[in-house]
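Chemist: take this sequence and fold it.
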Amino acid sequence: MPELRYDILSGTCTIIASDRAKRPNDFKAAQKYEGPVPEIDPNCSFCVGNENETPPEVYALRDAGEANQPGWRVRVVPNKFPALRSAETAEIDSGMIDTEAAPEADDTSMYWRMPGIGAHEVVVESVKHNGTLGTYTVEEMAVILETLKQRYRVLSDDKYISYVQIFRNWGPEGGASLLHPHFQIIGLPLMPPEVSREVSHFREYESKTGRCLMCDYIERETEKDERVALKNDEFIVLCPFASRFSFETLIVPRKHCVTFSELDNEKATQLAEVFTSLFRAYENMFSSLSYNIVFHTLPPPKRSRKHPTDHWHIHVYPRLNVEAGLEKGAAVWINPVPPELAALQFGGKG
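Modeler: Just a heads-up that it's a prediction; the model follows:
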């Protein structure tokens, strides 16, 4: 049974999930391919024809076929080696779970813990084993985003889940354990400290100015046009002023928008446009690039009071830097590539 533990020294949380030690790690094996990665790998559990090798799907967009059969375009399954488990799967008494609990920095929280209740899903985003975000069409990417939104909404409605984290790991330095392209979604029983700190900055700025921090940031960056990598009518891609990682980017709705769950069809298409353009640029610049994509979005308004300062966004962290002593010990980052120079490589004015 997974367990969530709080570190009183740093204020961070750790999921202790021993079952994750059993998961496969075939990325090194994938590197043994000579020549291009095949479009279909008969040994991959995410490839078409191997649907029985995953847990039963919870959602799929299909052109044909029945559940857990070929004919899908995007398929969502529970993670076979989950970091967190649903209350039903774990057979935990609901009285043992308090999703509103937040540890305090006193001697009573020295060894604070709670059952690892939540959700952990895999979004198998393409039937192509060799698919990448830079090779998808805008339509294909829009379908992936629609799937992420639908699952985000479903998991946000779970009474045991306080925050839904959407992310994508790619490459060995990015922590990917499988080569087949996929996103992951984890439903957490509490608000993660990183997101809480970010939101507190939004709140503090709003209390002093009466405005949204992200909206003002976008406005200033658009005016300067030194770190704008890409943009269309609805979204802008920035190389953040204080980028921690070389070629780090931030994808943000240009118009104030509280939560990812509000994404409509038109905005999904425009987001798909910047996604495919951005990752096509990444893939043209680097023959092999590990990275992490992280969505930051609060629950839909019906689950939390709607704050005007909530403005969802997506972080892209290329894993070109090596995290060494200063980063790990002091959370101070060394980035050898100025974001102004990085923006030039994406086509911005710099």
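Chemist: in the host helix or strand of residue 187, what counts as buried?
Modeler: Element membership of residue 187, judged by DSSP states H and E, is strand 182-188. Within strand 182-188, the residues that count as buried by 16 or more other CB atoms under 10 Å are 182, 183, 185, 186, 187, 188. (C-beta placed from N, C-alpha, C; glycine too.)
Chemist: and the furthest pair within those residues?
Modeler: 182 and 188 (19.2 Å; CB to CB).
Chemist: got the contact list for the residue nearest to residue 176 when sequence neighbours are not counted?
Modeler: Nearest residue to residue 176, sequence neighbours excluded (CB to CB, 6 or more residues apart in numbering): residue 169, at 4.5 Å. If a contact means CB atoms under 8 Å, 6 or more residues apart in numbering, then residue 169 has 175, 176, 177, 184, 292 as its contacts.
Chemist: out of the helices and strands in the protein, which is least certain?
Modeler: Of all helical and strand segments in the chain, the minimum by mean pLDDT, DSSP states H and E falls on helix 27-30, at a mean of 42.
Chemist: contact partners of the next helix or strand after it?
Modeler: Sequence-wise, the next helix or strand downstream of helix 27-30 (DSSP H and E) is strand 59-62. Strand 59-62 is contacted by residues 67, 71-76, 143, 146-147, 150-151, 154 when judged by CB under 8 Å, 6+ apart.
Chemist: can you show me the CA trace of strand 59-62 as PDB?
Modeler: Backbone C-alpha positions of strand 59-62 (Å, rounded to 0.1, in the frame of the first residue of the first chain) are rendered in PDB as follows:
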ATOM      1  CA  TYR A  59     -11.400   5.900 -21.400                       C
ATOM      2  CA  ALA A  60     -10.600   5.800 -25.100                       C
ATOM      3  CA  LEU A  61     -11.200   7.700 -28.300                       C
ATOM      4  CA  ARG A  62     -11.900   5.100 -30.900                       C
END
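Chemist: paired strands for it, with orientation please.
Modeler: When pairing is defined by DSSP bridges, strand 59-62 lines up against strand 72-78 (antiparallel).
Chemist: now do the partner strand, average pLDDT.
Modeler: What strand 72-78 shows for mean pLDDT is 97.
Chemist: off-centre distance for that strand?
Modeler: 17 Å (CA atoms, centre = their mean, to the nearest Å).
Chemist: and the angle for that strand with strand 182-188?
Modeler: 30 degrees (axes from the mean of the first three to the mean of the last three CA atoms, to 10 degrees).
Chemist: let the chain start at 41 from now.
Modeler: Yep, numbering from 41; the last one is strand 112-118 now.
Chemist: now do the strands in the stretch 291-390 of the chain.
Modeler: Using DSSP state E, counting those that start in this stretch, the strands found in the stretch 291-390 of the chain span residues 331-336, 353-358.
Chemist: for those, which one ends up most surrounded?
Modeler: Mean neighbour count, computed with mean count of other CB atoms under 10 Å, is highest for strand 353-358 among the strands of the stretch 291-390 of the chain, reaching a mean of 21.
Chemist: who are the packing partners of it?
Modeler: Counting contacts by 3 or more CB pairs under 8 Å, 6 or more residues apart in numbering; DSSP states H and E, strand 353-358 packs against strand 289-293, strand 331-336.
Chemist: now the angle between strand 353-358 and the shortest one, please.
Modeler: Put plainly, it is strand 289-293. Following the same axes, to 10 degrees, one obtains 160 degrees for the angle between strand 289-293 and strand 353-358.
Chemist: same thing with the longest one?
Modeler: For the pair strand 331-336 and strand 353-358, the angle between their directions (the same axes, to 10 degrees) equals 160 degrees.
Chemist: for strand 331-336, what is the average pLDDT?
Modeler: Average pLDDT, strand 331-336: 96.
Chemist: who does that strand pair up with?
Modeler: Note on strand 331-336: by DSSP bridges, its sheet partners are strand 203-210 (antiparallel), strand 353-358 (antiparallel).
Chemist: where does residue 163 land in three-state SS?
Modeler: strand (DSSP: H, G, I helix; E, B strand; the rest coil).
Chemist: kindly provide the distance from it to residue 275.
Modeler: Noted for residue 163: a distance of 20 Å to residue 275, by CB to CB, to the nearest Å.
Chemist: before we move on, back to that, of all the helices and strands packed on strand 353-358, which one is nearest residue 203?
Modeler: Among the helices and strands packed on strand 353-358, strand 331-336 comes nearest to residue 203, with 9.9 Å by CB to CB.
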